[in-house]
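>>> Quick one, what's the 3D model for this:
(one chain, ligands or ions: 1)
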Amino acid sequence: MKWGRCLLGKVTTTPGSRQRGRILPPPKPEPFIGTRMTTLLLWDIDGTLTLSGGAGMRALQSALAREFGVDRSLADIDYAGRTDRHIVGQIFALCSIPDTPASRTRLLEGYLAELPAALHNPGTRVLPGIRELVPRLAARRDCALALLTGNIERGARIKLGHHGLSDYFHFGAFADDSPLRNELGPVALRRARERLGVEFAAERVFVIGDTPHDIECGKVIGARTVAVATGQYSREELERHAPAFCFTDFSDGAAFFRAVGLAE
Ligand SMILES: [Mg+2]
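As a prediction, this is how the structure comes out:
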């Protein structure tokens, strides 16, 4: 199989990628055979798989203006590594909007409506190496890919779907499950058990992300942590939080396979 490449945001022939405006479906995975599957890779999205060029913030800002008549910058909100539900709480506090379930639904539904258009910006892209790594990993029968992300699931699917990557990840833990990232790891492990019938050994679970929050939430479940400096944190900053592995980016696929202990 030929692996596609992403050059300056132009995507070539990877299955699941956009090609002349169409999204090609990724190859159907082989049926999982529990006894052979030993490795679980839990992926963050923003700053790890893709960059959205501030689309999330702009979609929230538009939804805030449309739904609540509040027109203000949300640039000073702390987004990195936070869950969408945590961010909504910050926004309501900042704008003195009563934080009720109904208000949350209005803002998040507004956000989801605005997000697809907001993703059409020059800063949106798949991060280095991901177009090669993800299809290769998804085609293997000895490892499973899943999401461990602060996005609500529908937002995650929109962000990944924009790049044709959503179907590589069959399940995950999302902000829908908890506003606290550290509570998402156990949810991801439970979903893996339910979906795959596999109890992964802690040392064969890898939490992959771009912030200290990802490292922390991986350590909470005893997983090995893989940090990548393609988001807002430098490699030096991430290394201070002692991840098991730290990458500048994932362009060196062989190094990634070595880190997670999978033969190429
Ligand atoms: Mg991130």
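>>> in the protein, which spans are strands?
Remark: strands assigned in the chain by DSSP state E are 6-7, 10-11, 18-19, 22-23, 39-43, 50-52, 124-126, 143-148, 172-173, 205-209, 224-228, 245-247.
>>> Just list whatever residues bridge to the nearest residue in space to L184 that is not next to it in sequence.
Sequence neighbours aside, A173 is the residue nearest to L184 in space, at 4.0 Å (criterion: Cβ to Cβ, 6 or more residues apart in numbering). (Glycine included, C-beta is placed from N, CA and C.) When bridges are called by DSSP bridges, A173 pairs up with L148.
>>> before we move on, what about T39?
C143.
>>> isn't it right next to G261, touching?
Yes - T39 is within contact range of G261, at 7.2 Å (criterion: Cβ atoms under 8 Å).
>>> Just want to know which of these two has more residues nearby.
T39 (20 against 13; other Cβ atoms under 10 Å).
>>> Contact partners for the residue nearest to A75 when sequence neighbours are not counted?
Computed as Cβ to Cβ, 6+ apart, the closest residue to A75 that is not its neighbour in sequence is M57, at 7.0 Å. Going by Cβ atoms under 8 Å, 6 or more residues apart in numbering, M57 touches 74-75, 77, 79.
>>> try D71
Taking Cβ under 8 Å, 6+ apart, we find D71 in contact with 64-65.
>>> The ion contacts on the stretch 151-264 of the chain?
By Cβ under 5 Å from the ion, the residues of the stretch 151-264 of the chain that approach the ion are D210.
>>> let's see 8 Å
Proximity of the stretch 151-264 of the chain to the ion (Cβ under 8 Å from the ion) is limited to residues 209-211, 213-214, 231.
>>> can you pull out the helices in this structure?
Taking DSSP state H, the helices of the chain run over residues 55-68, 84-94, 101-118, 130-138, 153-161, 184-196, 212-220, 235-239, 253-259.
>>> by contact count, what packs against the shortest one?
Identification of packing neighbours for helix 235-239 by 3 or more Cβ pairs under 8 Å, 6 or more residues apart in numbering; DSSP states H and E yields helix 212-220, strand 224-228, strand 245-247.
>>> now, the most widely separated pair of the contacts of M57?
Spanning the widest gap among the contacts of M57 are A75 and Y79, at 9.6 Å by Cβ to Cβ.
>>> And those two? Which one has more around it.
Y79 (20 against 9).
>>> Which pLDDT value does the model give the more buried one?
According to the prediction, Y79 has pLDDT 82.
>>> Correct me if wrong: it contacts G54.
No - Y79 lies out of contact with G54 (Cβ under 8 Å); the separation is 9.3 Å.
>>> returning to that earlier point: mean pLDDT added to the helices of the chain, as JSON lines?
JSON lines is the format used below for those (pLDDT from 0 to 100):
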{"stretch": "helix 55-68", "mean pLDDT": "95"}
{"stretch": "helix 84-94", "mean pLDDT": "94"}
{"stretch": "helix 101-118", "mean pLDDT": "97"}
{"stretch": "helix 130-138", "mean pLDDT": "97"}
{"stretch": "helix 153-161", "mean pLDDT": "98"}
{"stretch": "helix 184-196", "mean pLDDT": "96"}
{"stretch": "helix 212-220", "mean pLDDT": "96"}
{"stretch": "helix 235-239", "mean pLDDT": "98"}
{"stretch": "helix 253-259", "mean pLDDT": "97"}
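>>> Mind putting the ones you listed into CSV with distance to R204?
Below are the helices of the chain laid out as CSV (distance: least, Cβ to Cβ, whole Å):
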stretch, distance to R204
helix 55-68, 32
helix 84-94, 29
helix 101-118, 34
helix 130-138, 14
helix 153-161, 24
helix 184-196, 11
helix 212-220, 13
helix 235-239, 22
helix 253-259, 13
